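K.L.:
only geometry, no sequence info:
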């Protein structure tokens, strides 16, 4: 299977660190040092997870000259910040695309949902039940975030991305999916309490950020090594590593563990913050035009719950 | 693939129609006539989607003498009433089961999630990435329901069910999954507004119940016919039809369209109300011990969004 196209959508409004200085007394330098975040985007009133997903979809379809909307035969959405859990994000995208009677489902494995969604697509392709899938990841973190939370309120940003994934190669620029693995690690550490989003009780909270940090570093490094090893590749073969965009210090820790030069790690956290399961997909969209034939990309993710995964791509 | 075991969990507290008579002036007779609902269950304080899912899991594992918890290599959860969208229901189940490093994901296609979850399992089996899956469906409708809503407040109940699904037959009582199909129909009718659950804005609302009713009747009858026809079976071959438990009038309409005797339709709506994506799975648990070798069961679902599906099983 192949990633034929990818496109991101970012809301226009920018929230700088000064906002959190005014609100919570956190200095720009303090936030930068601990997270690498300079600013993040915020969805406008009227925007939400579903509208951002539709915007990203419109863009990916406009970019895909070899595939029409009517060719799409599967839609999988990923989000942990749902606008609507009944008319779900995937349904909103289907509504916009206008193709009916195809499998449509929205999923969450927190910040790992991108890879779970793509693994679900892989399964539909293996069954012969789909050939041209649309995967959309979208997070409206600011809808659930408590800005006054001095622990984690400044981390989150909004954004979305859409990927067209095809069973057959359609264009020379398509990325071949060489391998993909996902895993849940809910019995590990403080997975059940470290970061949660209980829509009825309250929004996103991260009482045990250190536990998340430690396991994110461990799992993203471990699973990257695993996917490289089982495909007889070394770290030197990785043109770009796209980790989940949670914290610049996590990214630096992961590349250090791997022995990968820092410039090979794709990062958008400085201007987007943590955009949840959309972050790595937005990173892929940013990297798309720089990739040369033969280049390898590893996307590795870690999310609350806990969940993790890695995907190896080749142009 | 096979359904090896199924078990339900229902919270203890019963809410009778008299509650809605006192609250909203709706008589028992009026509710019965329009919905078939006599009473529904309500999760206790401290219970939620995740705890009910864990209870159902404990029960299905206790019933499965041929499969241990440690054999489980995939967990898929289904709910539109999430307790936590980060430590999701599937993660809570994994946490309880204690098996790590297996794929874990929660999904929503509203009341259709059971069949989407099973189709995802089908894909993992086809990929060779899993052999023994746990599918858990759980709805905490009362957490998101507005009881004072005279249109739909009296419809919803809480409940959960868990299914063990295996690639190989483990026991003579296993149900073989002959066929399965799912579809989204978001471009159809008032799919985007008829029934929604926006966690931030408000809970479950159903401003266009008639549109839901019409499409539920159409799709569940159509997709049942389709799955029978493409497997060279007739309506007479169906021992039990288990439709999504939304409304007794929908069930009656569907069996009438199909020409199926009413007693072949499994129904729990009279004592459970609409338990969302758990309803049909609870129905299967209720029917489990009545099934004889050679019997066929069709589960057909319809949910907000819109989504639909059908699954053909054989003992």
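P.N.:
On my side now, so go ahead. On a predicted model such as this, the values are computed, not experimentally measured, just so you know. Numbers count the residues shown, from 1 in each chain, chains lettered A, B, ... in the order given.
K.L.:
does residue A:146 count as helix, strand or coil?
P.N.:
Secondary structure state of residue A:146, per DSSP: H, G, I helix; E, B strand; the rest coil, is coil.
K.L.:
residues near it, how many?
P.N.:
By other C-beta atoms under 10 Å in any protein chain shown, 14 other residues sit near residue A:146. No exception for glycine: its C-beta is placed from N, CA and C like everyone else's.
K.L.:
Does it touch residue A:206 like I think?
P.N.:
No. Using C-beta atoms under 8 Å, residue A:146 is not in contact with residue A:206; the gap is 10.8 Å.
K.L.:
what's near enough to touch the closest residue to residue A:64 other than its chain neighbours?
P.N.:
Nearest residue to residue A:64 in three dimensions, chain neighbours excluded: residue A:5, at 4.4 Å (C-beta to C-beta, 6 or more residues apart in numbering or on different chains). By C-beta atoms under 8 Å, 6 or more residues apart in numbering or on different chains, the contact set of residue A:5 is A:60, A:63, A:64, A:67, A:163, A:164.
K.L.:
Make JSON lines out of those residues and add neighbour count, pLDDT and secondary structure.
P.N.:
Output for those, formatted as JSON lines (neighbours: other C-beta atoms under 10 Å in any protein chain shown; pLDDT from 0 to 100; DSSP: H, G, I helix; E, B strand; the rest coil):
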{"residue": "A:60", "neighbour count": "24", "pLDDT": "98", "secondary structure": "helix"}
{"residue": "A:63", "neighbour count": "16", "pLDDT": "96", "secondary structure": "helix"}
{"residue": "A:64", "neighbour count": "22", "pLDDT": "95", "secondary structure": "coil"}
{"residue": "A:67", "neighbour count": "19", "pLDDT": "94", "secondary structure": "coil"}
{"residue": "A:163", "neighbour count": "26", "pLDDT": "98", "secondary structure": "strand"}
{"residue": "A:164", "neighbour count": "25", "pLDDT": "98", "secondary structure": "strand"}
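K.L.:
Closest one of those residues to residue B:137?
P.N.:
Comparing the contacts of residue A:5 against residue B:137 with C-beta to C-beta places residue A:163 closest, at 27.9 Å.
K.L.:
Spell out the residue ranges of the strands in the stretch 101-250 of chain A.
P.N.:
Counting by DSSP state E, counting those that start in this stretch, the stretch 101-250 of chain A has strands at residues A:104-108, A:132-140, A:158-166, A:175-184, A:196-197, A:204-205, A:238-243.
K.L.:
Please enumerate the helices of chain A.
P.N.:
All helices of chain A, identified by DSSP state H, fall at A:17-24, A:28-35, A:49-63, A:89-97, A:113-127, A:141-144, A:209-229, A:248-258, A:269-272, A:279-287.
K.L.:
Where does the stretch 51-200 of chain A get nearest to chain B, residue-wise?
P.N.:
Taking C-beta to the nearest C-beta as the measure, the point where the stretch 51-200 of chain A comes nearest chain B is residue A:123, at 1.9 Å.
K.L.:
Number of residues surrounding residue A:248?
P.N.:
18.
K.L.:
my read: it touches residue A:36, true?
P.N.:
Yes. With contact defined as C-beta under 8 Å, residue A:248 counts as touching residue A:36 (2.4 Å).
K.L.:
any common contacting residues for the two?
P.N.:
Listed contacts common to residue A:248 and residue A:36 are A:267, A:269, A:270; contacts here mean C-beta under 8 Å, 6+ apart.
K.L.:
Nearest residue to residue A:261 in space, please, no chain neighbours.
P.N.:
Looking at residue A:261 with C-beta to C-beta, 6+ apart, the closest residue is residue A:255, at 7.4 Å.
K.L.:
before we move on, what about residue A:167?
P.N.:
Using C-beta to C-beta, 6+ apart and skipping residues adjacent in sequence, the residue nearest residue A:167 is residue A:131, 4.4 Å away.
K.L.:
Cheers, nothing more for now.
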